[in-house]
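Trainee: Here is a sequence together with a model predicted from it:
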Amino acid sequence: MAVISFQNTITTNYPAKQKRINFRSEIEFPEFSIQHLLNTFKHIPDHTALLGVVEENIPVMFDLKDPKPGAIMMINDHLPSLRRLMLTMIQSLIPSNSPNDFQYIVISEFPDKWMKLISEFDPEYSYCAGVVGGYEDSAEDWIIYLAQRAEDRINGRGSGASVVLFVDDASQLEKLDIQVRLNYEWLLRVGSKVNIWLVTGFDLAKEGNNDKLIKNFKTRIYGQMDKKFHSKLKDIVPSFILENLKPNRNFATKIGSEWIQFWAPKLQG
């Protein structure tokens, strides 16, 4: 089985060989469920999230124990498809990890909807440390708390589970207190070094979004978007990559020096 991961180039079962995958616009992968994805790749390592597949036997994975990729930003002009990709990450981490290994927090304008979706695969919320609205004071409290935990871990005061903070809409960050935003930006720079990860969704269609924030993320995942937004990204992603993406489940990202196109499972929500 070949593997694409965010810490390596594409590798095969044979260490001496490497397989390169070119970005191919003509391929449209058949729909598949999250359960199919989990059944197909049931032996993934601990602390590893699945995002989708390039081909039937080539998964795209994210290793929470490797700090090099840094925080993840997911970018398009349709946040629901980004939320579904975040849900894929969460669901794929649960089967091979205990709540002592992995925890997540969600900040969203739609906390009730998130709670309903999470209840379908984590009914006891064993892995979920919290789901809060971006308009709630507790959203700021979580960011400050995680920054404090990161500082403790950097200074050798405790370790603990890998933690992922999902902010499904970056526009929420602009409403936070300036001190909280500074804590978030600090987490963005150092969090992955101590297994505290940020995954943030960015809707290019929303007014008031800080486009400069995109470049602060080391790993960026692009979904299909209206062509009028391509110029906003011209300095960081070739236009042909964006032009050839299909709606909803199709994404592109850069791993090392290679651009890859992958397909996420079909999810409700």
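Mentor: Thanks, I have it. Here the structure is a predicted model, which is why all the values come from computation and not from measurement. Numbers count the residues shown, from 1 in each chain.

Trainee: How about stretch 32-47, which residues are buried there?
Mentor: Buried positions in stretch 32-47, judged by neighbour count with 16 or more other CB atoms under 10 Å: 32, 34, 37-38, 41, 44, 47. C-beta coordinates here come from the backbone N, C-alpha and C atoms, glycine included.

Trainee: May I see these arranged in a markdown table, with secondary structure as well?
Mentor: Formatted as a markdown table, the entries for the buried residues of stretch 32-47 read as follows, by DSSP: H, G, I helix; E, B strand; the rest coil:
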| residue | secondary structure |
| --- | --- |
| Phe32 | coil |
| Ile34 | helix |
| Leu37 | helix |
| Leu38 | helix |
| Phe41 | coil |
| Ile44 | coil |
| His47 | coil |
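
Trainee: Going by distance to Ile94, which of these wins?
Mentor: Nearest to Ile94 among those: Leu38, at 9.2 Å, using CB to CB.

Trainee: what sits against that closest one?
Mentor: 50, 91-92, 95 (CB atoms under 8 Å, 6 or more residues apart in numbering).

Trainee: Among those residues, the buried ones, what's the ChimeraX command?
Mentor: Restricted to the buried members of those, where burial is judged by 16+ other CB under 10 Å, the ChimeraX selection command reads as follows:
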select :50,91,92
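
Trainee: Quick check: the two most widely separated of the contacts of Leu38?
Mentor: Spanning the widest gap among the contacts of Leu38 are Leu50 and Pro95, at 10.0 Å by CB to CB.

Trainee: Just the C-alphas of stretch 79-86, formatted as PDB.
Mentor: Listed next in PDB are the C-alpha coordinates belonging to stretch 79-86 (Å, rounded to 0.1, in the frame of the first residue of the first chain):
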ATOM      1  CA  LEU A  79     -17.400  26.200   4.800                       C
ATOM      2  CA  PRO A  80     -19.700  23.200   5.100                       C
ATOM      3  CA  SER A  81     -17.300  21.100   2.900                       C
ATOM      4  CA  LEU A  82     -14.400  22.200   5.200                       C
ATOM      5  CA  ARG A  83     -16.400  21.200   8.300                       C
ATOM      6  CA  ARG A  84     -16.900  17.700   6.700                       C
ATOM      7  CA  LEU A  85     -13.200  17.400   6.200                       C
ATOM      8  CA  MET A  86     -12.600  18.300   9.800                       C
END
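
Trainee: Quick one: mean pLDDT over it.
Mentor: Per-residue confidence for stretch 79-86 averages out to 95 on the pLDDT scale.

Trainee: any weak-confidence spans in the protein?
Mentor: 1-28, 207-210, 268-269 (pLDDT under 70).

Trainee: Next, please give the residue ranges for the strands of it.
Mentor: Assigned by DSSP state E, the strands in the chain fall at 4-5, 48-55, 58-63, 72-76, 102-108, 128-133, 162-167, 196-203, 219-223, 250-255, 258-263.

Trainee: I'd like to know which of these is closest to Glu120.
Mentor: Proximity to Glu120 (CB to CB) singles out strand 128-133 among the strands of the chain, at 12.3 Å.

Trainee: Okay, angle between that closest one and strand 162-167 too, please.
Mentor: Orientation note: strand 128-133 sits at an angle of 10 degrees relative to strand 162-167 (axes from the mean of the first three to the mean of the last three CA atoms, to 10 degrees).

Trainee: Run through the residues that contact Thr40.
Mentor: Contact criterion CB under 8 Å, 6+ apart gives 56-57, 59 as the residues in contact with Thr40.

Trainee: can the contacts of Leu38 go into JSON lines with extra columns for distance to Val190?
Mentor: JSON lines is the format used below for the contacts of Leu38 (distance: CB to CB, whole Å):
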{"residue": "Leu50", "distance to Val190": "26"}
{"residue": "Gln91", "distance to Val190": "27"}
{"residue": "Ser92", "distance to Val190": "25"}
{"residue": "Pro95", "distance to Val190": "29"}
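
Trainee: Fine by me, we can end here.
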